[in-house]
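Chemist: have a look; sequence and predicted model below, questions after that.
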Amino acid sequence: MKIIYVEQDRCLACRNCERVCSFQRAGGFRQENTNIWVHIDLDARSIFTMTCLQCESAICMEVCPATALQRNPETKAVTVNEHQCVGCKMCIAACPFGCLHFENLRQVAVKCDLCDGDPACVKTCMAGALHYADINELAQRKRRKIDLKLSKHPFFLQGLFPK
Amino acid sequence: MKVATNASTKILPTLCRMCETRCAINVHLKDDVIVNITPFKNHPVNRGRMCPRGIAAIDLFYHPERILKPLKKMPDGRFQEISREQAIDEIADQLQSIKAGHGARCVGVWKGEGAGFYQQEDYARRFVHAFGSPNYFSNDSACYNGRYLGHSLVTGFWNPFPDFSVADLILLFGTNPPICHPPFMREFADAKEKGAKLVVIDPRLNPVACYADVFAQPYPGTDGALCWGLIRHLIETKNYDTQLVEQYVVGFEKIAAYAQRFTPEYVEKQSGIYAGVVEEIGQLIIKNRPRISFFAGAGLEHHENGVNNIRALAILGCLAGTLGLKSGLFWPEEMGGRKLTLYDQISLESEGPIGADKFPALYDLRKECHSMTAMDYMLGKGAYPLKAMVVTAANPAVTNPNTTKVIEALSALDLLVVNDFFLTPTAKLAHYVLPAATFLERSEIHYFPNKQIVNLTAKIQHIPGVENEYRLWHDLAHRLGFGEKYFPWNSEADVNRWILEPTDITLEELARHPEGLVYKPIRYQKFKNQLVPTPSGKLEFASSYLKNLGLSEIPEYIPPYHIRCAKENYPFVLTTGARKSLFYHSRHQNIPRFRTIHPEAFVEMHPDDAAQLNIQHNEMVRVSSEIGTLDIRVCIRHRSELRKGVIEIYHGWEQWPVNLLTYDALNDPISGFPLLKGVPVRIDKIDASTSAEHQPDAACTT
């Protein structure tokens, strides 16, 4: 299964992903239409970017009383069937990551659908912080990166970490 | 379900030129209609990714407001469509009669950013020179030249972009790469992944500062003090490249003596950066040298002391031993193709290039005339009158300082021809407006000097009646009688072939390589075997060339105007030109989806300043400087974004031209750059009735 993975320490907050996402969905560059969010905390000088993780057991899907949320058999993305959505916002309340939003005009919940397997945000991420890849591959990538960091850690150099 | 159609589809790779980064793109055509633009996979610049500007090239190309027919201004002030033949004939006739009546030098050519650089620039230079006038102007007068001169005066060359990905320490001065150089982001992230540190020095806290390990917020125009403070730190602690200094440098003693006074405390007093932070940055440089990337953005050059600040930075780079390294001051080589410019063939220096008397270094090193002085010549206050100007894809009525004077000067011309995509404020002043071609309508050779790569772009579309830059100069030259001699080529392909002839790369080979061809293998640290191209052949920490011109030999730090001549009436410091995402100077504002992010202009200020003046968010205020006034809404920013007393207005708005406030006559003595960042201003409330109206849609974003 492929998901969008954000490599947080590569994000420079250019916000291009937000813009192309909203454009993909709603034809304009409006932040309220995006399904990927770049949080910039100027006090802490920190950046955090978040988008739907396409959870294996997706709580948004489970709580939906109208069964409007379904898994796309091809891309394995959890998608909203807007004809079925009743606008109860249960999914939005249930998602532990806050990765759905509500569109007031049409009264439907909206979330990342992986652009049918070709996510626009990934193509525009010039920092290389966004990846669209198999989940196992991403986990390995993450592990390799941590191992590389640890290999330079003073504790490791002194032999204090197990090999 | 996919519907099968008979439409023929093809994908053509080329380079994007929605900004100067020039990423490789694929243009998708369906029955000769551009339907999509996607990133090209294998180009080393953007590596298969593309920013939202790229796809907006479709919006630019098919924009409903695009000019498609030549326009002539009628006596009643309205524009009337005429044929291209008539337009070119009439323009050529008028240029000829001005040449006969006043001399060729009374005609100038102004090439703008919208047209591009390299080949487009050289066409314009070739044309005006062949015509007999030395007066070539460009947007470089207020962007780029300062950094070029600052580096060239020290090392003799300038590589605009070091390779950040292999650096151990990156220092960014006055730049916002996520917006103006998107591919840098990958290089920063690659470097940081390997453990590099990032230091950002900027009067504004941009998101890139959130990514940095150290962020320092100086007052505008005081970067020179910091550079000198760091030079002092390296010399005092004897942590500099001594071998380099002994063998390849002139003037080290002079700068060592001058650096004495820049103690961390003095730097703190000048720039507002804490003494401890100055020392911390100094320690980082010592720890990580020589693999350090120093990068100066346009933020450093838009001052009346800019070139010296940049020279100090270049010296710092040399002392840290970054010269000739991939991550540092790399010396790029040229491809060795033929040059379109005619400077070797015809010397017009005796014709009195405009501004060459005031800023000789600018003409000597860049062969470029000073566009701010040109306004005086247009108004009849120069050594000779400037009567006619051919402007291509430039918008000085918005982007040049002192807008009031620029408009007055352009209106005083006998002939103003503007070649542009849209009816810009400059085009509205013109006698003739010609429809310009976008980058999708021409084939040209592009260079990436830092990677020593050459690329050929593809001509993807042609709109009947809309001709590209080459056609414009070619047709004018033929009507004026020097076409056979100087523009003999029938097509752009012939020009490109002629340029490539002395090299071993053929046009066909180049066309087969949309990922670019390395034209020469990269060699590092060339200065060890070959003299650097300065007058002395050494690195000039003290420049005898400048001394002979009566300028300071070493890059002395001059406190910026707002500190040197502080005025009670103008308590705030205005900086202009901080980048707004997706806009490119005065371009792209008419692309609707971009405009949803930035619906209108704001003066951005610190919450304490607003509270002190009793100004609310979104309120209309009047900003005044010694030059002029501008009415604009207030956007109160986060308290760490700007320093107290510093305000910011974006520079490219047509409706809110901030250049009404900027100085055209307070220039850098070397480059002639105007004072654009660091203008003393005052903010006044406008009476309550006008400010009461509230605009709900005005969330200001960077």
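Modeler: Ah, there it is. Residues are numbered from 1 along each chain as shown, chains lettered A, B, ... in the order given.
Chemist: hang on, residue B:108 in a strand?
Modeler: Yes: assessed with DSSP: H, G, I helix; E, B strand; the rest coil, residue B:108 lies in a strand.
Chemist: tell me what it is bridged to.
Modeler: With DSSP bridges applied, residue B:108 shows beta-bridge pairing to residue B:389.
Chemist: for it, give its distance to chain A.
Modeler: 38 Å (C-beta to the nearest C-beta, to the nearest Å). Bear in mind the C-beta positions are built from the backbone N, C-alpha and C, glycine included.
Chemist: cool, residue B:368 as well?
Modeler: From residue B:368 over to chain A the distance is 31 Å, taken as C-beta to the nearest C-beta.
Chemist: can you tell me the SS state at that residue?
Modeler: Secondary structure for residue B:368, judged by three-state DSSP, is coil.
Chemist: so it sits against residue B:137, correct?
Modeler: Yes: judged on C-beta atoms under 8 Å, residue B:368 makes contact with residue B:137 at a distance of 7.2 Å.
Chemist: list the buried residues for the helix or strand in which residue B:404 is found?
Modeler: Residue B:404 is part of helix B:403-411, with elements assigned from DSSP states H and E. Residues of helix B:403-411 classed as buried by neighbour count (16 or more other C-beta atoms under 10 Å in any protein chain shown): B:403, B:405-407, B:409-410.
Chemist: closest to chain A out of those residues?
Modeler: residue B:403 (28.5 Å; C-beta to the nearest C-beta).
Chemist: where's the closest one relative to residue B:602, distance?
Modeler: Residue B:403 is 18 Å from residue B:602, where distance means C-beta to C-beta, to the nearest Å.
Chemist: next: residue B:581.
Modeler: Distance from residue B:581 to residue B:602, by C-beta to C-beta: 14 Å.
Chemist: give me the nearest residue to the spatially most central residue of chain B, chain neighbours excluded.
Modeler: For chain B, residue B:143 is the residue whose C-alpha lies nearest the centre (C-alpha atoms, centre = their mean; 3.6 Å). Distance criterion C-beta to C-beta, 6 or more residues apart in numbering or on different chains; nearest residue to residue B:143, sequence neighbours excluded, is residue B:298 at 5.5 Å.
Chemist: that neighbour: what's it in contact with?
Modeler: For residue B:298, the contact set (C-beta atoms under 8 Å, 6 or more residues apart in numbering or on different chains) comprises B:143-144, B:147, B:174-175, B:180, B:577.
Chemist: if you rank those by neighbours, which is first?
Modeler: residue B:174 (28 neighbours; other C-beta atoms under 10 Å in any protein chain shown).
Chemist: hang on, it packs against residue B:306?
Modeler: No: between residue B:174 and residue B:306 there is no contact under C-beta under 8 Å: 9.7 Å.
Chemist: can you list residues touching both of these two?
Modeler: Shared contacts of residue B:174 and residue B:306, defined by C-beta under 8 Å, 6+ apart, comprise residue B:300.
Chemist: is chain B contacted by whichever helix in chain A runs longest?
Modeler: As assigned by DSSP state H, the longest helix anywhere in chain A is helix A:135-151. Yes: applying C-beta under 8 Å from any C-beta of the partner chain, one finds helix A:135-151 touching chain B at residue A:145.
Chemist: pull out the buried positions in that helix.
Modeler: Under 16+ other C-beta under 10 Å, the buried positions of helix A:135-151 are residue A:138.
Chemist: go on, stretch B:271-279?
Modeler: B:271-273, B:277-278.
Chemist: please apply the same query to stretch B:220-239.
Modeler: By 16+ other C-beta under 10 Å, the buried positions in stretch B:220-239 come out as B:220-235, B:239.
Chemist: which ones among those are found in helices?
Modeler: Per DSSP H, the buried residues of stretch B:220-239 map to helices at B:223-235.
Chemist: now flag whichever of those is closest to chain A.
Modeler: Once C-beta to the nearest C-beta is applied, the member of these that ends up nearest chain A is residue B:226, at 19.6 Å.
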